[in-house]
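In: mind looking at a prediction? Sequence and model below.
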Amino acid sequence: MKKKIRILLETLLVGFLVFILSVSGAFLTIDHLATDKLYQQPRGISARIKIIGIDEKTLAAYGPVQTWSRSRYADLIRLLNQDEQMKPTVIGFDILFTGHFEDENVDASENGDLDLAETAKESGNVVVVSHLLYEEHASRKADGVMSRSAIGISMPYPELAENVRMGYDNVAQDSDGTVRRILPSETVDGEEVSMFSRVIYEMYCEKKGITPEGIPTDKTGRTLINYSGKPGDYECVSLVDVLEGRIDPRTFAGSIVLVGAYATGLQDNFKVPNGGSSQMYGVEVHANILQSYQDGRFAVKGNPYLYGIIIAIIAMFLHLLFRKLKVWMSVILLLVIISLNGFIGVILNEHGTAFSLVYLPIVAIISFVYVLAVHYLGEQARKKKILQAFQKYVAPQVVEEIAKTGDFEINLGGENRDIAVLFVDIRGFTTMSEALPPETVVEILNEYLSLTTKAIFDNSGTLDKFVGDATMAVFNSPFDLPDYEYKAVLAALDIVRGGEALEKKLFEKYGRSVGFGVGVNCGPAVVGNVGCDFRMDFTAIGDTVNTSARLEANAKKGQVLISDVLYERLKDRIRVNEIGQIPLKGKSNGVMVYEVLGTVEEETEKSAS
């Protein structure tokens with residue numbers, strides 16, 4: 001019950017965490033990296049949008065921009081529009097023509113400002129930029145949104161402003177300085193004005209007989225740009241090449257031509273989502289925005305609360321699955337969810353709704369790592385518990401080996417194994433227990449059990465159980481043990497020989513002596529948990545075990561009796577005295593029995609010494 005409550009609390013915490021993160025935008029920088037990577041993939045630029053750049057080549061030819069007569073721009077308009085059938089649809093100047101150009105060597109009547117204004121008026125296809133002026137600090141508006149209000153607008157000089165269409169060139173830069181959003185329209189002194197690219201788009205639609213489409217905006221009036229090209233993708237030619245006739249004006253027929261700064265020194269470049277380390281010139285930004293208008297590919301941030309609830313439910317479900325699934329399955333599930341999160345995000349963005357992409361993956365990864373850590377710690381605790389349990393039954397060196405290899409696999413349902421089984425019993429224990437106080441009997445019994453247990457563990461055996469004054473041990477269970485038959489016999493000999501020293505000690509102390517009878521057998525047996533739901537015992541059962549017990553029952557004080565099966569396996573390594581065939585309880589036929597006197601190895605060592 002406690003585990004279920006803990007898992008429930010964990011699951012609710014996961015949901016709460018992902019909801020709070022998504023609503024608060026806590027990892028906005030990381031989210032921008034993800035959305036920039038997935039939402040701002042190049043999609044192919046429009047060949048109908050062309051750029052005439054005021055680049056380094058142009059500056060080298062004509063000098064600094066501020067020294068130019070504005071007649072140069074008038075010349076460009078006349079050149080592009082010289083053939084009515086082959087002229088551009090719209091010419092947009094991303095250049096702020098504020099104030100009058102003044103040159104003391106030029107008569108006012110010949111001022112380039114008037115030339116530009118009249119030429120633009122006659123062409124009927126020119127759009128120029130204005131620039132919005134905003135409050136220095138943001139304030140909370142009537143709708144509760146923190147934003148800065150436009151307090152004014154920097155306009156082109158009057159003669160030009162009266163004869164062309166205008167749109168402001170401001171773009172919104174996020175906290176990291178990246179241009180991801182635009183404000184399509186703004187209110188200045190109670191009058192609504194539109195963005196430069198929007199004005200161009202509307203003029204283009206008007207001349208092409210197309211109904212301009214609206215775009216979605218968020219509660220702040222902004223919309224996200226879906227960039228079509230990276231820095232340098234749009235076709236750009238040098239202004240000087242156009243003016244000096246190296247570029248055929250018919251190249252721009254039916255196109256939208258944007259004229260603007262294309263040199264770093266003009267300081268009209270911006271950090272953009274798909275630019276990497278490269279920045280994009282302002283005229284290219286407007287080209288991307290314009291293409292988004294044409295393609296209807298803007299997006300707005302979706303409702304963060306709805307999104308937070310949806311991904312919170314998904315994250316909680318994932319956490320529960322991580323709890324139940326195997327690690328490799330959880331890894332696959334995690335990768336699938338992260339991939340789907342990105343794929344669905346891209347699809348929604350293409351349809352005009354943008355969502356954050358990082359919060360579900362971040363919390364899912366945290367959840368996965370947490371569950372993995374819990375499983376690991378739980379497994380370590382389980383192994384430690386098993387080791388602690390085995391220390392009471394298995395030789396210390398076996399426990400040490402288990403701890404090193406981590407091999408804890410035991411068939412808890414039972415398995416057939418070939419094992420060696422040892423039974424040992426105290427001879428004369430009943431008579432002694434009747435003659436001595438209980439405390440003394442227990443003390444003697446503990447001395448005996450310590451001796452048998454040590455002998456078993458010294459030979460890598462497993463202590464199966466104590467039954468009164470009898471001890472049962474198995475070899476080659478529950479773990480594989482090399483040469484287990486021989487080690488079982490060595491343990492039996494150690495018990496008998498240790499019993500001789502113990503017998504003397506007890507006789508001196510209590511005036512009573514005890515001896516041991518040992519029976520050893522080998523063969524197949526069923527090894528596993530035997531018992532019921534609330535009480536189980538890991539043991540071995542079968543005829544091999546029964547025969548070993550019968551051999552022990554027939555063994556006299558100080559005797560180690562083995563079966564013919566065990567003898568056949570070890571006859572070249574042990575010294576025996578043939579007892580002969582004797583009947584054993586529960587056996588229809590007699591069993592050939594041998595008394596073990598020692599080992600050939602011991603005999604060899606004695607001869608050598």
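Out: Good, I have the coordinates.
In: following the chain onward from the helix or strand of the chain with the lowest mean pLDDT, which element is next?
Out: When each helix and strand of the chain is scored by mean pLDDT, DSSP states H and E, helix 396-405 comes last, with a mean of 56. Moving toward the C-terminus from helix 396-405, the first helix or strand encountered (DSSP states H and E) is strand 415-427.
In: that next one: partners in the sheet, and parallel or antiparallel?
Out: Here the strand partners of strand 415-427, with direction, are listed using DSSP bridges: strand 470-475 (antiparallel), strand 515-532 (antiparallel).
In: quick check: which of those strands is nearest to residue 47?
Out: Comparing those by their distance to residue 47 (C-beta to C-beta), the top pick is strand 515-532, with 77.7 Å. C-beta coordinates here come from the backbone N, C-alpha and C atoms, glycine included.
In: what is the helix or strand following the closest one packed up against?
Out: Remark: after strand 515-532, the chain's next helix or strand is strand 535-541, criterion DSSP H and E. Based on contacts counted as 3 or more C-beta pairs under 8 Å, 6 or more residues apart in numbering; DSSP states H and E, the elements that strand 535-541 packs against are strand 415-427, strand 462-467, strand 515-532.
In: point out the most buried one among these.
Out: Looking across these with neighbours counted as mean count of other C-beta atoms under 10 Å, the highest average goes to strand 415-427: a mean of 23.
In: and that strand, how far from the chain's centre?
Out: On the basis of C-alpha atoms, centre = their mean, to the nearest Å, strand 415-427 is displaced by 51 Å from the centre of the chain it belongs to.
In: CA atoms only for it - export them in PDB, please.
Out: Once non-C-alpha atoms are left out, strand 415-427 reads as follows in PDB (Å, rounded to 0.1, in the frame of the first residue of the first chain):
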ATOM      1  CA  GLU A 415      14.900 -27.300 -10.900                       C
ATOM      2  CA  ASN A 416      16.600 -30.700 -11.300                       C
ATOM      3  CA  ARG A 417      20.300 -30.600 -10.300                       C
ATOM      4  CA  ASP A 418      22.900 -33.200  -9.700                       C
ATOM      5  CA  ILE A 419      24.100 -32.600  -6.100                       C
ATOM      6  CA  ALA A 420      25.900 -34.200  -3.300                       C
ATOM      7  CA  VAL A 421      24.000 -34.500   0.000                       C
ATOM      8  CA  LEU A 422      25.600 -34.800   3.500                       C
ATOM      9  CA  PHE A 423      23.800 -35.800   6.700                       C
ATOM     10  CA  VAL A 424      25.500 -35.800  10.100                       C
ATOM     11  CA  ASP A 425      24.000 -36.800  13.500                       C
ATOM     12  CA  ILE A 426      25.300 -36.900  17.100                       C
ATOM     13  CA  ARG A 427      25.600 -40.400  18.400                       C
END
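In: out of the strands paired with strand 415-427, which gets the lowest mean score?
Out: The stretch with the lowest mean pLDDT among the strands paired with strand 415-427 is strand 515-532, which comes in at a mean of 85.
In: run the angle between that strand and strand 535-541 for me.
Out: For strand 515-532 against strand 535-541, the angle by axes from the mean of the first three to the mean of the last three C-alpha atoms, to 10 degrees is 120 degrees.
In: now find how far off-centre strand 515-532 is within its chain.
Out: Going by C-alpha atoms, centre = their mean, the spacing between the C-alpha centre of strand 515-532 and its chain's C-alpha centre is 50 Å.
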